[in-house]
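>>> Sequence and computational prediction follow.
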Amino acid sequence: MAETVRIPAPLALLAELTHRCPLSCPYCSNPFELIARERELDTDTWADIFRQAAEIGVLQLHLSGGEPASRRDLVELVEAAREAGLYVNLITSGIGLTRERLEALDAAGVDHIQLSLQGVRAETADYIGGYKGGFDRKMRVADQIAEIGFALTLNAVMHRHNLDDLPRTLEMAVEMGARRIEVACVQFQGWALKNRGMLQPSRAQVYTAKATVAEARARYRGVLAIDFVPPDYFADYPKPCMGGWGSTGLNIAPDGTVLPCHAAETIPDLTFQNAKDTPLSEIWYNGAAFNAFRGTDWMPELCRSCDRRDLDFGGCRCQAMALAGDPAATDPICRKSPHRALVDAAIEADTVPAPGQQFEYRKL
Amino acid sequence: MTANRVPVLPRGVRCHHDKVRDANVLLAPEKVLMLDGTGHAILTSVDGNRSLDRIATHLAEVYAAPKSAILGDVIEFLDDLAAQRLIDYADG
């Protein structure tokens, strides 16, 4: 008998306002097929989406991209989101934000800024971001964010090239006045998967990073909240991706395509609806893509009978697709997965970088 | 004295009534905390002026409960939020 899945109202909306970005990080979460400016939703359509999102229960809006500051109407979009009653989080590299624009965003009601960090010095950061001068510009923007007094999270994406700088990364967050840091080890989807051989940390780096985080949590208690996303290839069990498919949040691409997660388009046979044509409520509750992996009926027996079923929901569907070729398989990260050997082999292969290997940077 | 500290909700952290779920929540960076009656009563008493002691006095009056027990609850609840940087303390 098929189970009846009770669908909770969504809590969060990630709005990818644009795929345009001055940086070209080789682990970008945007898809390979980027959406050009001409196909981006206009201001009024986004404003309508924000109202619909609030009506179906969304509380937090994450304005992301690409680089959201590449949208000329960013301040208007923030105003519209606050009018709709949403908590507004701006996810930015800082590039494209001037003092004047930051003040306008403050007046419009941005609740929180999440500033990305590619590295702790210009040499590393500009190499990763593929943008010379980016680090210095970011540091100026960080000063201005602090002067205005925005709530700030530093989002440090970590991998082989900067994991050894973790202690300095944490210090920088405190110096910037951030109350929170995300130490987010690269998750291998899309561009990051393409560059995995260049990004995969060593086992020693991972152990050291875990110890550093544990020590820093005690030392910075009450000063800096630390969220740590460990590299899942080195884990025994998968992550509870998106807190369970179609259970917590939704993503909207620059052209209005509504996705259960940013990488969902890598799963073949799923069809996605567009917020321009279909009400958000209809897409969330009845959309085929959102219902594809809700509940437990879709799961292989391994997951359905597992005592971790309600902890990690079988892990990440996109990772199962990417590594095992089957979006309904157990996430191959899981020790119990018949495909776990693929992950272990990948770690071995990645730790011996091929000579002359280079980043394949994200490009439009 | 710890009870003289004045708690304040920093920027980026605010109480909100969630109409869809008919619930009181605390909205914070990358976090939504569902508040029970006690949590909501404490946080709506945090105004940046009242000390922990005065918050307990206020709640003791409103709920006709012993202040000593309430003060302990208030400190425990707010100290936990302060450890996550969701509450700041100014010196009283």
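Nice, I can see it. Numbers count the residues shown, from 1 in each chain, chains lettered A, B, ... in the order given.
>>> Neighbours of A:T248, how many?
Close neighbours of A:T248, defined as other C-beta atoms under 10 Å in any protein chain shown, add up to 16. Glycine gets a C-beta too; all of them are placed from N, C-alpha and C.
>>> nope, A:P201 is what I was after
Neighbours around A:P201, by other C-beta under 10 Å: 25.
>>> ok, then the element right after the host helix or strand of A:D44?
A:D44 is part of helix A:43-55, with elements assigned from DSSP states H and E. Next along the chain after helix A:43-55, taking DSSP H and E as the criterion, comes strand A:60-64.
>>> May I see the buried residues of the next helix or strand after that following strand?
Where DSSP H and E defines the elements, the next helix or strand beyond strand A:60-64 is helix A:74-83. Residues A:L74, A:V75, A:E76, A:L77, A:V78, A:E79, A:A80, A:A81, A:R82 are the ones in helix A:74-83 that count as buried (16 or more other C-beta atoms under 10 Å in any protein chain shown).
>>> quick one: whatever residue of chain B ends up closest to chain A from A:W284, how far?
Per C-beta to the nearest C-beta, B:G12 is where chain B lies closest to chain A, at 2.4 Å. Taking C-beta to C-beta, to the nearest Å as the measure, B:G12 falls 27 Å from A:W284.
>>> Please apply the same query to A:I113.
Noted for A:I113: a distance of 27 Å to A:W284, by C-beta to C-beta.
>>> The two: who's more crowded?
Between A:I113 and A:W284, counted using other C-beta under 10 Å, A:I113 has the larger neighbour count: 29 against 23.
>>> how about the nearest residue to the residue of chain B most remote from its centre, chain neighbours excluded?
No residue in chain B sits farther from the centre than B:V20, which is 23.1 Å out by C-alpha atoms, centre = their mean. Once flanking residues are discounted, B:V20 sits nearest to A:G57: 3.9 Å by C-beta to C-beta, 6 or more residues apart in numbering or on different chains.
>>> Neighbours of the residue of chain B closest to chain A, how many?
B:G12 sits with 23 neighbouring residues when counted by other C-beta under 10 Å.
>>> What of B:D18?
Applying other C-beta under 10 Å, we find 18 residues neighbouring B:D18.
>>> On the three-state scheme, the closest residue in space to it that isn't next to it in sequence is what?
On the basis of C-beta to C-beta, 6+ apart, the spatially nearest residue to B:D18 that is not a chain neighbour turns out to be B:V25, at 5.1 Å. Following DSSP: H, G, I helix; E, B strand; the rest coil, B:V25 is assigned to strand.
>>> Show me the beta-bridge partners of B:V25.
Counting by DSSP bridges, B:V25 forms beta bridges with B:H16, B:M34.
>>> Identify the residues contacting A:P327.
A:P327 is in contact with A:I267, A:F293, A:R317, A:C318, A:A320, A:M321, counting by C-beta atoms under 8 Å, 6 or more residues apart in numbering or on different chains.
>>> Mind checking which of the residues you listed are buried?
Using 16+ other C-beta under 10 Å, the buried members of the contacts of A:P327 are A:I267, A:F293, A:R317, A:C318, A:A320, A:M321.
>>> Look up phi and psi at A:V157.
Here is the backbone geometry of A:V157 (degrees, to the nearest 10): phi -90, psi 120.
>>> Write out the residues of chain B neighbouring chain A.
B:10-14, B:16, B:18, B:20-21, B:25, B:27, B:29-30, B:32, B:82-85 (C-beta under 8 Å from any C-beta of the partner chain).
>>> Could you tell me how far A:V174 is located from chain B?
From A:V174 across to chain B, the span is 11 Å (C-beta to the nearest C-beta, to the nearest Å).
>>> give me every residue that touches the nearest residue to that residue once chain neighbours are set aside.
Distances taken as C-beta to C-beta, 6+ apart place A:L224 nearest to A:V174, at 5.5 Å, with adjacent residues excluded. In this structure, A:L224 makes contact with A:L170, A:A173, A:V174, A:A178, A:R179, A:R180, A:I181, A:A216, B:R85, judged by C-beta under 8 Å, 6+ apart.
>>> Of these, grab the buried ones for PyMOL.
The PyMOL selection below is limited to those of the contacts of A:L224 classed as buried (16+ other C-beta under 10 Å):
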select buried, (chain A and resi 170+173+178+179+180+181+216) or (chain B and resi 85)
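>>> Return the member of the contacts of A:L224 nearest to A:I252.
Proximity to A:I252 was ranked across these by C-beta to C-beta; first place goes to A:R180, at 24.8 Å.
>>> Would you quantify the distance from that closest one to B:P10?
Applying C-beta to C-beta, the value for A:R180 to B:P10 is 11 Å.
>>> What of B:A65?
Distance, B:A65 to B:P10, by C-beta to C-beta: 28 Å.
>>> and what of A:R203?
A:R203 is 38 Å from B:P10, by C-beta to C-beta.
>>> need the contact list for the residue nearest to B:D18.
A:L59, B:C15, B:H16, B:H17, B:D18, B:V32, B:L33, B:M34, B:L35.
>>> Now the last one: closest residue in space, sequence neighbours ignored.
Which is B:L35. Per C-beta to C-beta, 6+ apart, closest to B:L35 is B:N24, 4.5 Å.
>>> is it true that that neighbour touches B:H40?
Yes. Applying C-beta atoms under 8 Å, one finds B:N24 in contact with B:H40, separated by 4.3 Å.
>>> joint contacts of these two?
B:C15.
>>> got the contact list for the helix or strand where A:I113 lies?
Secondary structure assigned from DSSP H and E places A:I113 in strand A:112-117. Residues outside strand A:112-117 that contact it (C-beta under 8 Å, 6+ apart): A:62, A:87-94, A:125, A:138, A:141-142, A:145, A:150-157, A:169, A:172, A:176, A:178, A:182, B:12, B:29-30.
>>> Which ones among those lie within strands?
Among those, the members falling in strands (DSSP state E) are A:62, A:87-92, A:152-157, A:182.
>>> Paired strands for the lowest-mean-pLDDT helix or strand in chain B, with orientation please.
Scoring the helices and strands of chain B by mean pLDDT, DSSP states H and E places strand B:88-90 at the bottom, with a mean of 93. Sheet pairing of strand B:88-90 (DSSP bridges) gives strand B:6-8 (antiparallel).
>>> give me phi/psi at the residue in chain A that chain B sits nearest to?
Nearest residue of chain A to chain B, counting by C-beta to the nearest C-beta: A:A151, 2.4 Å away. Main-chain torsions, A:A151, degrees, to the nearest 10: phi -70, psi 130.
>>> how many other residues sit next to A:L311?
Using other C-beta under 10 Å, A:L311 has 10 neighbouring residues.
>>> Tell me the secondary structure at it.
Assigned with three-state DSSP, A:L311 falls in the helix class.
>>> before we move on, the earlier item: wait, doesn't the residue farthest from the centre of chain B sit right on A:A9?
Yes. Look at B:V20 against A:A9 with C-beta under 8 Å: they come within range, at 5.6 Å.
>>> Spell out which residues are contacts of both of those two.
Listed as contacting both B:V20 and A:A9 by C-beta under 8 Å, 6+ apart are A:I56, A:G57.
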